[in-house]
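> Sequence plus predicted model, see below.
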Amino acid sequence: MIRIDIPGRPVLRLERLVTDYNGTIAQGGRLLAGVDDRLRTLSQQLRITILTADTFGRVRREAQDLPVEVVILTGGDEDTAKAAHVARLGSSSTVALGNGHNDRLMLAQAALGLAVMQSEGTAGAALESADILFGSAVDALDALLEPQRLVATLRR
(Lines give C-alpha, C1' and ligand atoms only; values in the text may rest on other atoms or scores of the structure.)
Protein backbone atom coordinates (compact mmCIF):
# COMPACT_ATOMS: atom_id res chain seq x y z
CA MET A 1 0.00 0.00 0.00
CA ILE A 2 1.05 3.57 -0.67
CA ARG A 3 -0.31 6.16 1.75
CA ILE A 4 -0.47 9.75 0.53
CA ASP A 5 -1.59 12.56 2.82
CA ILE A 6 -2.37 15.56 0.62
CA PRO A 7 -3.36 18.73 2.51
CA GLY A 8 -6.94 19.67 1.72
CA ARG A 9 -7.86 16.20 0.43
CA PRO A 10 -8.75 12.87 2.04
CA VAL A 11 -5.79 10.60 2.76
CA LEU A 12 -5.17 8.18 -0.12
CA ARG A 13 -4.49 4.54 0.68
CA LEU A 14 -3.58 3.09 -2.68
CA GLU A 15 -3.51 -0.68 -3.08
CA ARG A 16 -3.81 -1.03 -6.86
CA LEU A 17 -2.44 0.49 -10.04
CA VAL A 18 -4.50 0.08 -13.20
CA THR A 19 -2.75 1.20 -16.35
CA ASP A 20 -3.53 1.45 -20.01
CA TYR A 21 -0.90 -0.07 -22.28
CA ASN A 22 -0.40 1.48 -25.74
CA GLY A 23 0.39 5.18 -25.60
CA THR A 24 0.75 5.02 -21.82
CA ILE A 25 3.44 2.51 -20.79
CA ALA A 26 4.16 1.20 -24.30
CA GLN A 27 4.62 2.54 -27.80
CA GLY A 28 3.93 0.42 -30.84
CA GLY A 29 3.15 -2.51 -28.53
CA ARG A 30 6.56 -2.44 -26.82
CA LEU A 31 7.17 -1.38 -23.23
CA LEU A 32 8.89 1.96 -22.89
CA ALA A 33 12.41 1.98 -21.46
CA GLY A 34 12.46 2.00 -17.66
CA VAL A 35 8.80 1.06 -17.20
CA ASP A 36 9.55 -2.60 -16.44
CA ASP A 37 11.89 -1.81 -13.54
CA ARG A 38 9.44 0.65 -12.04
CA LEU A 39 6.54 -1.79 -12.30
CA ARG A 40 8.63 -4.42 -10.52
CA THR A 41 9.43 -1.99 -7.73
CA LEU A 42 5.85 -0.75 -7.42
CA SER A 43 4.53 -4.32 -7.32
CA GLN A 44 6.01 -4.56 -3.83
CA GLN A 45 3.40 -2.01 -2.70
CA LEU A 46 0.60 -2.22 -5.27
CA ARG A 47 -1.23 -4.88 -7.23
CA ILE A 48 -0.83 -3.90 -10.88
CA THR A 49 -3.24 -4.52 -13.74
CA ILE A 50 -2.70 -3.64 -17.39
CA LEU A 51 -6.02 -3.02 -19.18
CA THR A 52 -5.72 -2.95 -22.96
CA ALA A 53 -7.36 -3.75 -26.26
CA ASP A 54 -3.84 -4.92 -27.24
CA THR A 55 -3.86 -3.16 -30.60
CA PHE A 56 -0.45 -4.57 -31.57
CA GLY A 57 -0.92 -8.03 -30.04
CA ARG A 58 2.26 -7.85 -27.96
CA VAL A 59 1.18 -7.13 -24.39
CA ARG A 60 1.38 -10.70 -23.05
CA ARG A 61 4.86 -11.20 -24.49
CA GLU A 62 6.09 -7.82 -23.25
CA ALA A 63 4.63 -8.30 -19.75
CA GLN A 64 5.38 -12.02 -19.30
CA ASP A 65 8.19 -11.48 -16.79
CA LEU A 66 6.45 -8.69 -14.89
CA PRO A 67 4.44 -9.06 -11.67
CA VAL A 68 1.28 -7.75 -13.30
CA GLU A 69 -2.14 -9.01 -14.33
CA VAL A 70 -2.95 -8.45 -18.00
CA VAL A 71 -6.59 -7.97 -18.98
CA ILE A 72 -7.30 -7.77 -22.69
CA LEU A 73 -10.54 -6.00 -23.47
CA THR A 74 -12.59 -7.12 -26.44
CA GLY A 75 -15.81 -6.07 -28.07
CA GLY A 76 -15.30 -2.32 -28.05
CA ASP A 77 -16.64 0.04 -25.39
CA GLU A 78 -13.22 0.01 -23.69
CA ASP A 79 -13.89 3.25 -21.83
CA THR A 80 -16.81 1.78 -19.92
CA ALA A 81 -15.02 -1.54 -19.41
CA LYS A 82 -11.96 0.18 -17.94
CA ALA A 83 -14.04 2.27 -15.52
CA ALA A 84 -16.05 -0.79 -14.48
CA HIS A 85 -12.84 -2.73 -13.83
CA VAL A 86 -11.54 0.05 -11.56
CA ALA A 87 -14.88 0.11 -9.72
CA ARG A 88 -14.76 -3.68 -9.21
CA LEU A 89 -11.24 -3.45 -7.79
CA GLY A 90 -12.21 -0.59 -5.49
CA SER A 91 -12.05 2.95 -6.79
CA SER A 92 -11.06 4.46 -3.47
CA SER A 93 -7.83 2.43 -3.33
CA THR A 94 -6.89 2.52 -7.01
CA VAL A 95 -4.59 4.80 -8.98
CA ALA A 96 -5.17 4.82 -12.75
CA LEU A 97 -2.68 5.72 -15.49
CA GLY A 98 -3.68 6.49 -19.07
CA ASN A 99 -3.54 8.81 -22.05
CA GLY A 100 -6.43 8.02 -24.37
CA HIS A 101 -10.04 9.02 -24.78
CA ASN A 102 -10.98 5.50 -23.68
CA ASP A 103 -9.07 6.08 -20.41
CA ARG A 104 -11.07 9.15 -19.35
CA LEU A 105 -13.71 7.29 -17.33
CA MET A 106 -11.11 5.10 -15.62
CA LEU A 107 -9.06 8.18 -14.67
CA ALA A 108 -12.14 9.86 -13.21
CA GLN A 109 -13.29 6.67 -11.41
CA ALA A 110 -9.98 6.10 -9.61
CA ALA A 111 -8.99 7.77 -6.36
CA LEU A 112 -6.03 9.22 -8.25
CA GLY A 113 -5.95 9.64 -12.02
CA LEU A 114 -2.59 10.15 -13.73
CA ALA A 115 -2.41 11.08 -17.41
CA VAL A 116 0.71 10.99 -19.55
CA MET A 117 1.58 12.95 -22.66
CA GLN A 118 4.18 11.19 -24.75
CA SER A 119 4.73 10.78 -28.49
CA GLU A 120 1.18 9.47 -29.07
CA GLY A 121 -0.31 12.51 -27.33
CA THR A 122 -3.09 12.74 -24.78
CA ALA A 123 -6.80 13.00 -25.46
CA GLY A 124 -8.34 16.19 -24.11
CA ALA A 125 -10.98 14.15 -22.30
CA ALA A 126 -8.29 12.12 -20.53
CA LEU A 127 -6.52 15.29 -19.49
CA GLU A 128 -9.74 16.75 -18.08
CA SER A 129 -10.41 13.56 -16.08
CA ALA A 130 -6.92 13.26 -14.61
CA ASP A 131 -5.63 14.74 -11.38
CA ILE A 132 -2.11 15.24 -12.79
CA LEU A 133 -0.52 15.23 -16.25
CA PHE A 134 3.01 13.82 -16.56
CA GLY A 135 5.46 14.09 -19.45
CA SER A 136 6.12 10.35 -19.43
CA ALA A 137 5.06 7.08 -17.88
CA VAL A 138 8.41 6.88 -16.14
CA ASP A 139 7.77 10.24 -14.49
CA ALA A 140 4.29 9.14 -13.37
CA LEU A 141 5.59 5.86 -11.94
CA ASP A 142 8.45 7.68 -10.23
CA ALA A 143 5.92 9.98 -8.56
CA LEU A 144 4.19 6.91 -7.11
CA LEU A 145 7.56 5.68 -5.87
CA GLU A 146 8.19 9.09 -4.26
CA PRO A 147 4.66 10.22 -3.26
CA GLN A 148 5.80 13.55 -1.82
CA ARG A 149 6.01 14.66 -5.46
CA LEU A 150 2.27 14.10 -5.70
CA VAL A 151 1.67 16.02 -2.47
CA ALA A 152 3.60 19.02 -3.84
CA THR A 153 1.45 19.09 -6.97
CA LEU A 154 -1.98 18.32 -5.49
CA ARG A 155 -2.00 20.23 -2.20
CA ARG A 156 -4.63 22.92 -1.93
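Thanks, I have the structure now.

> Report the contact partners of the residue nearest in space to the middle of the chain.
Nearest to the mean C-alpha position of the chain, counting by Cα atoms, centre = their mean, stands Leu97 at 1.9 Å. Residues in contact with Leu97 (Cβ atoms under 8 Å, 6 or more residues apart in numbering) are 17-20, 24-25, 114-116, 137, 140-141. Heads up, the C-betas are built off the backbone N, CA and C, glycines and all.

> Would you list the buried entries among those?
17-20, 24-25, 114-116, 137, 140-141 (16 or more other Cβ atoms under 10 Å).

> Tell me which of the contacts of Leu97 fall in helices.
Counting by DSSP state H, the contacts of Leu97 place 137, 140-141 in helices.

> export those residues to TSV and tack on distance to Ile72?
As requested, the ones in helices among the contacts of Leu97 are exported to TSV (distance: Cβ to Cβ, whole Å):
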residue	distance to Ile72
Ala137	19
Ala140	22
Leu141	22
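
> still on that earlier bit, I'd like the contacts of Leu97 as a markdown table, with distance to Leu42 and pLDDT appended.
Formatted as a markdown table, those follow (distance: Cβ to Cβ, whole Å; pLDDT from 0 to 100):
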| residue | distance to Leu42 | pLDDT |
| --- | --- | --- |
| Leu17 | 6 | 98 |
| Val18 | 12 | 98 |
| Thr19 | 10 | 98 |
| Asp20 | 16 | 97 |
| Thr24 | 14 | 97 |
| Ile25 | 11 | 97 |
| Leu114 | 12 | 98 |
| Ala115 | 18 | 98 |
| Val116 | 15 | 97 |
| Ala137 | 12 | 97 |
| Ala140 | 11 | 98 |
| Leu141 | 6 | 98 |
